[in-house]
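Novice: Dropping a prediction and its sequence here:
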Amino acid sequence: MIKNKLISTIVAFLTLAFTLSACAQEHRQNENRLKSINAITKNSVLLNNQKNLIPIVGLSDKHFASVNLGFEHQLAFDSLLYKYADVQSMSALKYKDSSTLNDLEDDLKYFNTVIIAITDAMSSNGKYLNFINNIAKNKNVIVALFGDGKSLANLDQLTAPIVWTPQIDQESSMVIPQIIFGGIAAQQTLTIGYSGKYTVGSGYKTTTTRLKYTVPEDAGVNTDDLKEIDEIVKEGITKKAAPGMVVLVAKDGKVIYNKAFGYHTYDNRRADNITDIFDLASVTKVTATTPSVMRLVEQNKLKLDTNVGSYIAKARNTPMNGINVREVMLHQAGFIPYIPFHNFIKEGDYSRDSTAAFPTKVADNYYVKRGFFNDVMWPKMLNSPIKTRGSYVYSDISMYVMQDIVEHITETPEDQYVLANFYKPLGMHTAGYLPRNRFAKDRIVPTEDDKVFRKTLLEGYVHDQGAALKGGVAGHAGLFGSANDLAIFYQLMLNKGTYGGEQYFKPQTVDMFTAKQSNISRRGLGFDRWDPDLTKKYPSSLASPQTFGHTGYTGIAVWTDPTRGLIYVFLSNRVNPTVSEQLGRLNIRPRIQDAIIKAIDKGKKSGN
């Protein structure tokens, strides 16, 4: 008995020692990585930037291609570019039997901004130099040069920006894209002259304008202290809170943690990936409709204290007419919480095939009849009883109303408006409505296997029934996107309205919408917030009173804590294969948030 206990104790001790050793080893590895990142940054030089093309601004009018001429670390290079914009990879390798690169040049006809990574050895290849010079005649070209600085002399005639680093490895291939897009600032000038053009002191310095992708130690956080996130997530998956989860943490403008766990479904066929696209459910409210309202308020096209009927003619003879916009945004309009529109569907309202009479796609092999929203759903909402005006009642109807107001004022469908005004210029290239129109199905994490309404597995079609019957574009649900996209948007909020060198909102607008604006609830305008009732521990027990964000029914959360410079994104499909309450019962989202906060606060105390 004593012997068994002793053995158990020794095994436990050795396991703990091994675990601590492994953790400590990872921390040391990341400290060394940070030293390498900093050294690469310090030794990299930006040249030919007289037109201030670096860091890149104005993503809306740019179509990016990254050309692979055979750089051995091209995959890592492209993966970092892709975090900032929709950069298409174009390979010259398929033309390797050609003496020229004319075919590749032709294939670049639809792109106006071309990024080319080359090594010092490649820079002496006449074929590559001719290709770069030809492209630069008609397009914006950016050259990433890796290796000996003597090779700069081969690029003397080039006027396009060059980002040069003496190092050729995977780490440098992940730093240079960040300098190009402004995740890392260019700091250095040439300390040695390499040609008549590239002399001592040549070089341009820039500032940081976008997220940086780095290790936790770069933000004063010990990697070991974030291990609890992995444990909580794995517990959630084991106990079937969701088949897969993605977690992202950004601190002080630096993404320090971004991992995917589990699988798309419980059959374990396709693993979750950090670039996967999720149904964001009610996070739509604060990432699509609310910013649209913010923009219109800034433009004085929308007044918060004006009544709904002033903007929606159909509302003027309904109970909704006299309610003001501010009440709608605060969920104090008295709307009923929810109308189960799918229960009103009857035989003849839908078809399994698309026809002129049934044009609205709700899911695979499910089409609803023309006019169903305008003739059935919208009148029911407009004429729904106002029962609790002045009280806080969370209602999806509020954002149907705000969507309609936004579309009346902008004269543009909301999906098109947010794409043009926010997502595309910000570089949120997966974010948007109707993802099946833009992405392969296997990139989109499936939500519920709907046995009752649509009788199919929902893959890229909004889970919310009302939003689906509206055609997938609704003010309260329908937005899809990746963790990185949400991090970009909420860094914009954390930056008080600026990102990527452009201003989207005035600081006072961000402050007004994200701050507590209600006398009877915790809410901001559109945004959810920290709850002052400490017994609720919402959104987590350690969250600061300044925390704002939102959750989503499909298993989503995004929370921003300005006091800590923190963005926390949690994505899951907890409704797969059917709705499960395990995510809430296990407190997975708030426990992860607390683990993050503890790690950050510990780092601050220890002076890391």
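Specialist: On my side now, so go ahead. Keep in mind it's a predicted model, so treat the numbers as computed, not measured.
Novice: So which residue is dead centre in the chain?
Specialist: For the chain, the residue sitting closest to the mean C-alpha position, by Cα atoms, centre = their mean, is Asp485 at 1.3 Å.
Novice: which residues touch it?
Specialist: Counting by Cβ atoms under 8 Å, 6 or more residues apart in numbering, Asp485 touches 423, 428-431. Bear in mind the C-beta positions are built from the backbone N, C-alpha and C, glycine included.
Novice: could you dump those residues to CSV with neighbour count, pLDDT and distance to Gly322?
Specialist: Below are the contacts of Asp485 laid out as CSV (neighbours: other Cβ atoms under 10 Å; pLDDT from 0 to 100; distance: Cβ to Cβ, whole Å):
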residue, neighbour count, pLDDT, distance to Gly322
Tyr423, 25, 98, 34
Met428, 25, 98, 37
His429, 22, 94, 42
Thr430, 22, 97, 40
Ala431, 26, 98, 35
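Novice: returning to that earlier point: so the residue nearest to the centre of the chain is in which element?
Specialist: Per DSSP states H and E: Asp485 is located in helix 483-494.
Novice: Mind exporting the C-alpha coordinates of that helix to PDB?
Specialist: Taking C-alpha atoms only, helix 483-494 is exported to PDB below (Å, rounded to 0.1, in the frame of the first residue of the first chain):
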ATOM      1  CA  ALA A 483     -11.100  34.800 -35.700                       C
ATOM      2  CA  ASN A 484      -8.500  37.000 -37.400                       C
ATOM      3  CA  ASP A 485     -11.200  39.100 -39.000                       C
ATOM      4  CA  LEU A 486     -12.900  39.800 -35.700                       C
ATOM      5  CA  ALA A 487      -9.500  40.700 -34.200                       C
ATOM      6  CA  ILE A 488      -9.000  43.300 -36.900                       C
ATOM      7  CA  PHE A 489     -12.400  44.800 -36.300                       C
ATOM      8  CA  TYR A 490     -12.100  45.000 -32.600                       C
ATOM      9  CA  GLN A 491      -8.500  46.400 -32.800                       C
ATOM     10  CA  LEU A 492     -10.200  49.200 -34.800                       C
ATOM     11  CA  MET A 493     -12.500  49.700 -31.800                       C
ATOM     12  CA  LEU A 494      -9.600  49.500 -29.400                       C
END
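Novice: Residue numbering should commence at 35 henceforth.
Specialist: In the new count, where the first residue is 35, that last one comes out as helix 517-528.
Novice: Show me what counts as buried in that helix.
Specialist: Buried residues in helix 517-528, counted by 16 or more other Cβ atoms under 10 Å: 517-528.
Novice: next structured bit after it?
Specialist: Tracing the chain past helix 517-528, the next element assigned as helix or strand by DSSP H and E is strand 532-533.
Novice: Show the average pLDDT along that following strand.
Specialist: Taken as a whole, strand 532-533 has a mean pLDDT of 98.
Novice: That strand pairs with which strands, parallel or anti?
Specialist: The strands beside strand 532-533 in its sheet (DSSP bridges) come out as strand 536-537 (antiparallel).
Novice: So for the partner strand, mean pLDDT?
Specialist: Averaging pLDDT along strand 536-537 gives 98.
Novice: For that strand, report the contacting residues that lie outside it.
Specialist: 91-92, 459, 531.
Novice: let's see it at 10 Å
Specialist: Strand 536-537 has contacts (Cβ atoms under 10 Å, 6 or more residues apart in numbering) with 91-94, 243, 459-460, 526, 529-531.
Novice: One more: stretch 541-548?
Specialist: With Cβ under 10 Å, 6+ apart as the test, stretch 541-548 has contacts from 320, 324-325, 327-329, 331-332, 338, 363, 526-532, 538-540, 558-563, 580-583, 594, 596.
Novice: Extract the C-alpha trace of it and format it as CSV.
Specialist: C-alpha atoms of stretch 541-548 as CSV (Å, rounded to 0.1, in the frame of the first residue of the first chain):
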residue,chain,number,x,y,z
PRO,A,541,-12.8,58.5,-31.1
GLN,A,542,-15.9,60.1,-29.4
THR,A,543,-18.2,57.9,-31.6
VAL,A,544,-16.4,54.7,-30.5
ASP,A,545,-16.5,55.9,-26.8
MET,A,546,-20.2,56.7,-27.0
PHE,A,547,-21.4,53.4,-28.5
THR,A,548,-19.1,51.1,-26.4
